[in-house]
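Trainee: Sequence and predicted structure, then a few things I'm wondering about:
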Amino acid sequence: MPQNDMEDFAEPGTDDDNDDSDDDVDACYNRPAPGTRGPLGRTNACMRYLENLSHRRIAAKMRRVIDNMANEGLDVASFLYYLSWNLDSKDDEEELAVDDIANTHPHQSNLAVIRYARTGFTNCSMVPEILQSLRCPPRQHDRGVRTQAARVAMDEWSISNVKMLIDRDMQSLRTMMMCKQSEVTEEYLLSIDLKESVDEARTMAPTLWEILLSAASTPRQCRTNKKKNPSEAVFITLCQLSFSRSAQRSKFQKLMSIYFKSCGVSGKAADTLYLWKICMNQKWIYGTLERIGHSNHERMLRDIHTLGLPISGSHDNLNLGFKTYEQQTDNKSHFDSGCAATIYTFSDPACVAPDAMAFQEQWRTGTQDPITSLDIFDVEVRSAKRLLQESKYIVLKILTMSTEFDFSTYTSKSHSVFAQPPPVLPLPTGPEYATRQYMLHTEHQEEASLKEIRTQTRQSSHKARTLAEEDHSLARRSTHRLPSAHTQEDAEKMQSWDLNWWDRMEEILELFGWFHAQIAQEQSIIKQHYGTSLGLGLKTAFDMLERKGLGAPSVQGNYHQTAHEALKHVTMAHVRDLWQVVGGVENLTELRDKCPEELDTIATRIIMEYASTHAASTLLEKKRDDQDDVLLNSVLYCRDGIDYWNFDEAMQSGDVGRMEMLMPRLLYRFHGGNNWKYTIELLELFQGLLREWPADLRIFVMRYCWLANTTGRAGGFLAYDMCQEHNIRDIKYIFMVLGPFATWEYIRKISASIPTQRKVKDHIEGNFNHFRRGKSHTTPDAEKDIRNLQGTYHEAEAHLYVPGRHLEAKDRAKDFIALGSDPIKLDATINRWSERRTSSRATTEDWDPEPPVRSNETEDSSNA
């Protein structure tokens, strides 16, 4: 056998087509190129040898091979058939072993040579090209013949193989898509990360994923698209296919079912989506929501027993209209009322339950020592300096918010003058401090009478947790309610002498809601400064701003939002004009030339001379002929508007210490404006903070019973009664029930699942909302409205002293703060209140037949 390498082979075309020497062939067959080994190396060496030959010589070689195969009784088809593992049976091995003696290579068996050659063929990189040519050979346009080749057979074979690969991928997805009914809980649904699931499905079903991806987008789209990603569409298709194979493979259908229900999809629409394998059917959805509600109540009881802390609760009226399209005697459209309640638990690791026995002792002592007006004045005096800093910050903030000043390009914008003062007593933020809320079953019971209020309070508390330890020592828990028009003093005095602490309701500490107190503050400011169209009061401002419906106090609809924005816009207009007047400039742009220290001095002058009780008193001390009613009205409104802004920011930021500092001004406002309900509520709160509550209970109430933060994010604090209003909104509108089955019984069943529906909705939209559509509408630009008001005040010289400028009595604003802070009147109100409230309580513990359920026993969650 010659020892020459491949480069020694003859150049193509130098020899005759039929004179290939045996040495050259043997060298090609037995001597692979240097650096290559095995059958694949031999195949590569042969290809390099054949590349140097002309097609005519290669065709001659193929002719000789075919002729030799015919002499051996084989053709191409039979040769490939037996080459493709059809000689590997035991019988073939026994028959072929006989031929080993006659083999040209005695050291190798026939079967080994065949296997060696087959390995070189199957591992060759040309196999795809060969198969493609067999399926679709090159067209011969000049022959008039369309070659069929092996297209039909290979297509059928390809489809069969693809089916096998798809079936394998679908089996791989089985574990990922499985979901038992017992697993459908809030924790399980929120643990499903859709982005991670997409990556997992791509890894577990690579073949099917690539097929669907190629169907979902063209190669051109894959190259040019920047935002569009078909991966989600492919993943949803995989989920549909898995669900079609087995109803147990419905992990994502169950998640999407809760999402669609939270978005208000109707029952028929849900059944249609079920036929398309996108979600579960209507019956499953309603049954699951009821089970999730029971699961939430079980988790609530676990939290209460595990944490061992007091709980907070809120309840309020729920008014629903039931419409009937075919009215009968017992089937008519009607308006009905119910009561919705929510329980809140705290996850703050630093939260410590207050000492109940210490509270009982402190309460017995404190009730005998009612607060006085001096106590309230003392809180006001101690808070005055701190509130002045906050007011000055608000005045500076209004300046920096104006487009004329353009604070973003101000050279000294990072100066400490513009920094917000540190909070007084801030509530912590973060996911670990988020308030957990559990909605109880909505009851068909109106919270209208005194008896029903107390019954609902008791039910809310009893449903939430098992009560006392064996020694009846209580962890105090709070219930937020709305003030009732019915007096409660007589009933409370009678109840305070019941036989045991349960009947006396000692385990419940009732507090008012700060959200409704804020609405009362808005109504009081509007009542004080409303005036007529002839003056510069709020009536004129509301007409200019075209804000309708603010003249009559209300708590329904969007009254709060409209009043809140209107009061802030009017305050901004007043303060901006004061910046021009006190700063001595024609427009706010000129103030950019002043240094931060000068701006701080101007802000202090604005507060002290144009937005304080001292400034109003100075104007009132003048003789009547020298008094300026327009300037006095402006001073009073600027003071009240800045206080309202301050109180709103304190609530949003969770600064309960600042809220406590503002309580005296709220009390003076309600007292001077004859709002007796909230006057009594604030007196009760002052009595608790200053007299009846120990230090630990006082801190606990301020930290955990005033404001809630269900997200844990900074600036996400809400009053508890506002959280309750949000829950009622969800029952009535966001997650409302429609159709003939919208009954109180059904609303009762699913109301406990609404917090889960809300979380699932946010979870899905956070994963799939690529365009980041927000949850709230875009705030319209109010700059034009504020400038119009500012121009009106500037032209009317509302902040300049003009002696003898008098207004009619209807346009002169009363000073509610001054009227309410009159010590004689305030003490008289305090005395009347203290005489009517409960000042003593029985200490007997007579149980018949036995005390309530102990805290170490399990309460049936179906009653929660």
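Mentor: Yep, it's here.
Trainee: List the buried residues for stretch 702-714?
Mentor: By neighbour count on 16 or more other CB atoms under 10 Å, the buried set for stretch 702-714 is Met702, Arg703, Tyr704, Cys705, Trp706, Leu707, Ala708, Asn709, Thr710. In this view, the C-beta of every residue, glycine as well, is placed from N, C-alpha and C.
Trainee: how far away is the fourth one from Met178?
Mentor: Yep, that's Cys705 we're talking about. Per CB to CB, to the nearest Å, Cys705 is found 44 Å from Met178.
Trainee: So what's the residue count around Cys279?
Mentor: As a burial measure, Cys279 scores 27 neighbours (other CB atoms under 10 Å).
Trainee: all helices of the stretch 51-200 of the chain, in order?
Mentor: Along the stretch 51-200 of the chain, counting by DSSP state H, counting those that start in this stretch, helices occupy 55-71, 76-83, 90-98, 110-122, 127-135, 151-172, 174-177, 186-190, 194-204.
Trainee: What does the pLDDT read for the nearest residue to Phe346 once chain neighbours are set aside?
Mentor: Once flanking residues are discounted, Phe346 sits nearest to Tyr704: 5.3 Å by CB to CB, 6 or more residues apart in numbering. pLDDT, Tyr704: 92.
Trainee: Tyr704 and Ala353 touch, don't they?
Mentor: No: taking CB atoms under 8 Å as the contact criterion, Tyr704 and Ala353 are not neighbours in contact, 10.4 Å apart.
Trainee: what's the overlap in contacts for these two?
Mentor: Among the neighbours of Tyr704, those also in contact with Ala353 (CB atoms under 8 Å, 6 or more residues apart in numbering) are Pro310.
Trainee: which SS state does the residue most central in space within the chain fall under?
Mentor: Geometric centre of the chain, nearest residue: Asp762, 4.3 Å, by CA atoms, centre = their mean. Here Asp762 is recorded as helix under DSSP: H, G, I helix; E, B strand; the rest coil.
Trainee: same check, this time on Ile394
Mentor: Ile394 ends up helix, using three-state DSSP.
Trainee: Can you report phi and psi for Thr710?
Mentor: When read as degrees, to the nearest 10, the backbone of Thr710 gives phi -80, psi -10.
Trainee: Find the nearest non-adjacent residue to it, please.
Mentor: Thr435 (5.3 Å).
Trainee: any idea how far the one you found is from Asp303?
Mentor: In terms of CB to CB, Thr435 sits 11 Å off from Asp303.
Trainee: list residues touching both of these two?
Mentor: With CB under 8 Å, 6+ apart as the test, Thr435 and Asp303 both reach Thr345.
Trainee: neighbour count winner among those two?
Mentor: Thr435 (23 against 19).
Trainee: Test my guess that the more buried one contacts Trp706.
Mentor: No: the criterion here is CB under 8 Å, and Thr435 misses it with Trp706 at 11.4 Å.
Trainee: residue contacts, the residue nearest to Thr710?
Mentor: Applying CB under 8 Å, 6+ apart, the residues near Thr435 are Tyr344, Thr345, Phe346, Ser347, Ala708, Asn709, Thr710.
Trainee: Now, these that are in strands?
Mentor: Tyr344, Thr345, Ala708 (DSSP state E).
Trainee: Phi and psi next, for Val585.
Mentor: Dihedral angles (degrees, to the nearest 10) for Val585: phi -120, psi 160.
Trainee: What segments of the stretch 451-600 of the chain are strands?
Mentor: Assigned strands in the stretch 451-600 of the chain, in chain order: 477-481, 508-512 (criterion: DSSP state E, counting those that start in this stretch).
Trainee: where among these is the average confidence lowest?
Mentor: Per-stretch mean pLDDT for those is lowest at strand 477-481 (a mean of 41).
Trainee: got the buried residues for stretch 566-583?
Mentor: Quick answer for stretch 566-583 (16+ other CB under 10 Å): 566-583.
Trainee: now Cys339, which residues is it bridged with?
Mentor: Asn317, Glu443 (DSSP bridges).
Trainee: Now do it: how many residues are near it, please.
Mentor: Neighbours of Cys339 using other CB under 10 Å come to 23.
Trainee: Report the spatially nearest residue to Gly712, omitting neighbours in sequence.
Mentor: Setting aside the residues directly before and after it, Gly712 is nearest to Ala434 in space (CB to CB, 6+ apart), at 3.6 Å.
Trainee: my read: that neighbour touches Thr710, true?
Mentor: Yes: assessed by CB under 8 Å, Ala434 is found in contact with Thr710 at 6.0 Å.
Trainee: Okay, and Leu383 sits in which element?
Mentor: For residue 383 the amino acid is Ser, not Leu. Assigned by DSSP states H and E, Ser383 falls within helix 373-401.
Trainee: so what does whatever helix or strand comes next after that helix touch, helix or strand wise?
Mentor: As assigned by DSSP H and E, the chain's next helix or strand after helix 373-401 is strand 436-439. Counting by 3 or more CB pairs under 8 Å, 6 or more residues apart in numbering; DSSP states H and E, the packing neighbours recorded for strand 436-439 are helix 282-307, strand 334-345, helix 720-729, helix 754-768.
Trainee: in its sheet, what does strand 436-439 sit against?
Mentor: strand 334-345 (antiparallel).
Trainee: Could I have the CA atoms of the helix or strand containing Leu826 written out in CSV?
Mentor: Here Leu826 sits within helix 823-836, counting by DSSP H and E. What follows is helix 823-836, C-alpha atoms only, in CSV (Å, rounded to 0.1, in the frame of the first residue of the first chain):
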residue,chain,number,x,y,z
PRO,A,823,-60.9,78.8,76.8
ILE,A,824,-64.2,79.6,78.5
LYS,A,825,-66.3,78.0,75.7
LEU,A,826,-63.9,75.1,75.3
ASP,A,827,-63.9,74.3,79.0
ALA,A,828,-67.7,74.5,79.0
THR,A,829,-67.8,71.9,76.2
ILE,A,830,-65.3,69.7,77.9
ASN,A,831,-67.4,69.8,81.1
ARG,A,832,-70.6,68.8,79.3
TRP,A,833,-68.7,66.0,77.5
SER,A,834,-67.0,64.6,80.7
GLU,A,835,-70.3,64.6,82.6
ARG,A,836,-72.0,62.4,79.9
